[in-house]
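A.B. asks: make a model of this:
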Amino acid sequence: MKIFKMIALAAAVCFGTTVSAQETFTVKLNDSPHGKVIVTPALPADGVVAAGTVLKVVATPDAGWVFDSGYVSPQSRFGYGAYTEYMAPIFEVKVDKNMAIGASFMEAWRLEGHRVINDVVYAKPGEKVLKYDVYIPEGAKNLPGVVIIHGGGWSSNCEDIMRALARELINDGKYVVASIDYRWINNGDGDATPNTMGNLIEDCYGAILHIQEHAADYGMDPNNLAVTGDSAGGHLSASMATLIERIGDGGFGVTPGVYEFKPTYMPAGMTTAEARESLKAIKAAAPSYGVFDVATLGNFVQGLTDEAKEAVAPINNIPDAKVRKVAQWQVLGTRDNLIKPEPCQAYVDAQKAKGQEAYLVMVEGASHAFFDWKPDQRTKDTFIQYGVPYAKQMKEFFNTIFY
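C.D. replies: The predicted structure follows:
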């Protein structure tokens with residue numbers, strides 16, 4: 001999937017889907033089953049719209065259905081590309097490329113029994129505002145928390161893509177779930193200074209500290225946390241579980257031989273030593289089809305010294321269970337064409353060698369990214385086929401730790 005996203009991005013650049021000098025673009029209104037989408041001003045029959053036109057989009061579900069998301073999908077020579085999603089049923093789109101507009105609707109029962117707090121801002125270290133969403137079961141009080149970290153090659157997607165997994169994890173009222181965003185690696189967010197893997201790890205730790213600080217508002221127990229994530233989020237969630245002892249003020253490579261992480265967000269008055277103790281509330285992790293060693297991290301740690309690369313690789317930082325226990329449970333599809341079983345098993349073996357509880361569950365027939373949720377029916381069907389039953393197994397694993 002990462003490879004295809006890179007190809008789609010290259011195609012968008014090569015074939016000029018966003019050409020500022022262009023005066024018109026083609027806008028298509030996609031069919032949106034189980035609801036209707038109205039665009040104002042109305043699109044002409046040929047779909048040709050002046051560049052810079054601002055379109056107001058209103059999505060309305062049919063009876064028994066609810067709004068899931070609105071979206072814009074840029075068009076290139078290879079078809080429509082990655083989605084930009086909107087979590088409100090009324091949104092505006094500026095026409096600056098060839099695009100398709102539509103909305104996703106879902107069964108009303110999927111939103112029953114919980115509430116969602118969207119877009120809680122925890123930091124702004126660069127161009128992008130960093131935020132998270134919180135999924136709270138009715139009557140939640142001092143429940144264990146699960147923090148989800150999305151995937152996308154460390155360079156795409158946001159917390160919205162994990163909303164279906166969040167709903168599955170809260171559906172029996174045993175957990176509060178927070179789904180977090182972080183900076184994209186290198187210059188993906190438009191930052192002048194490239195973001196390193198260390199920065200992304202600091203963002204995720206900062207988000208968790210912010211969640212802990214406000215846990216009472218969410219009905220969450222800040223002292224009992226689990227982390228999960230898929231693909232790049234698998235690496236980052238495993239990092240949250242293993243790298244806590246590296247939290248400090250020393251900087252990442254500023255001093256030779258010192259590779260420490262200072263969370264992007266720190267509660268007022270908290271020291272890094274206190275942050276390190278607070279984050280030991282992470283007692284379990286479920287890093288789905290993730291990346292755990294230097295070799296698999298590959299180009300994403302290019303330019304770092306060997307010691308720095310090891311500092312961001314979970315397999316090199318597993319704590320001894322006598323010092324700190326953190327159980328981990330992985331899933332990997334048998335048809336995953338990006339992540340291979342051998343490094344995942346090596347990570348399990350390395351954890352067991354440290355006395356930790358660790359599991360690798362193979363998902364027969366599944367490909368990559370089956371915990372994602374997007375507007376297209378294929379992604380939804382994949383989640384229903386694989387994401388639903390394995391989210392249940394993940395939750396059963398968490399139950400052994402917290403209940």
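A.B. asks: and the residue located most distally from the centre of the chain, backbone torsions?
C.D. replies: Each residue of the chain has a distance to the centre, and by C-alpha atoms, centre = their mean the biggest one is for Ala45: 37.8 Å. Torsion angles at Ala45 (phi, psi; degrees, to the nearest 10) stand at phi -60, psi -40.
A.B. asks: do you know how far it is from Val27?
C.D. replies: 12 Å (C-beta to C-beta, to the nearest Å). For glycine as for every other residue, the C-beta is placed from the backbone atoms N, C-alpha and C.
A.B. asks: what does Glu213 give?
C.D. replies: 43 Å.
A.B. asks: more neighbours, these two?
C.D. replies: Neighbour totals were compared for Glu213 and Val27, and Val27 leads with 23 against 17 (other C-beta atoms under 10 Å).
A.B. asks: so Pro194 sits against Asn187, correct?
C.D. replies: Yes: assessed by C-beta atoms under 8 Å, Pro194 is found in contact with Asn187 at 5.4 Å.
A.B. asks: compare neighbour counts for these two and give me the winner.
C.D. replies: Asn187 (14 against 11).
A.B. asks: and the more buried one, what does it touch?
C.D. replies: Pro194, Asn195 (C-beta atoms under 8 Å, 6 or more residues apart in numbering).
A.B. asks: quick one: pLDDT of it?
C.D. replies: If you check Asn187, the pLDDT there is 95.
A.B. asks: list phi and psi for Leu143.
C.D. replies: According to degrees, to the nearest 10, Leu143 has phi -80, psi 150.
A.B. asks: what residues are bridge-paired with it?
C.D. replies: Met220 (DSSP bridges).
A.B. asks: ok, it touching Gly219?
C.D. replies: Yes: the pair Leu143 / Gly219 is scored as a contact, 5.9 Å apart, by C-beta under 8 Å.
A.B. asks: which of those two has more neighbours?
C.D. replies: Shown here are Leu143 and Gly219; by other C-beta under 10 Å, Leu143 has more neighbours (22 against 17).
A.B. asks: in the protein, where is pLDDT below threshold?
C.D. replies: Residue ranges of the chain with pLDDT under 70: 1-21, 76-81.
A.B. asks: can you tell me which helix in this structure is longest?
C.D. replies: helix 197-213 (DSSP state H).
A.B. asks: that one: what's the following helix or strand?
C.D. replies: Remark: after helix 197-213, the chain's next helix or strand is helix 215-218, criterion DSSP states H and E.
A.B. asks: and that next one, what does it pack against?
C.D. replies: When contacts are defined as 3 or more C-beta pairs under 8 Å, 6 or more residues apart in numbering; DSSP states H and E, helix 215-218 packs onto strand 220-230.
A.B. asks: at 7 Å instead, please
C.D. replies: Under the contact definition 3 or more C-beta pairs under 7 Å, 6 or more residues apart in numbering; DSSP states H and E, helix 215-218 sits against no other helix or strand.
A.B. asks: in that helix, what counts as buried?
C.D. replies: Ala215, Tyr218 (16 or more other C-beta atoms under 10 Å).
A.B. asks: check the burial of the nearest residue to Gln212 once chain neighbours are set aside by counting its neighbours.
C.D. replies: The shortest distance from Gln212 to any residue other than its chain neighbours is 3.9 Å, reached at Pro222 (C-beta to C-beta, 6 or more residues apart in numbering). Neighbours of Pro222 under the rule other C-beta under 10 Å: 19.
A.B. asks: I am finished for the moment; much appreciated.
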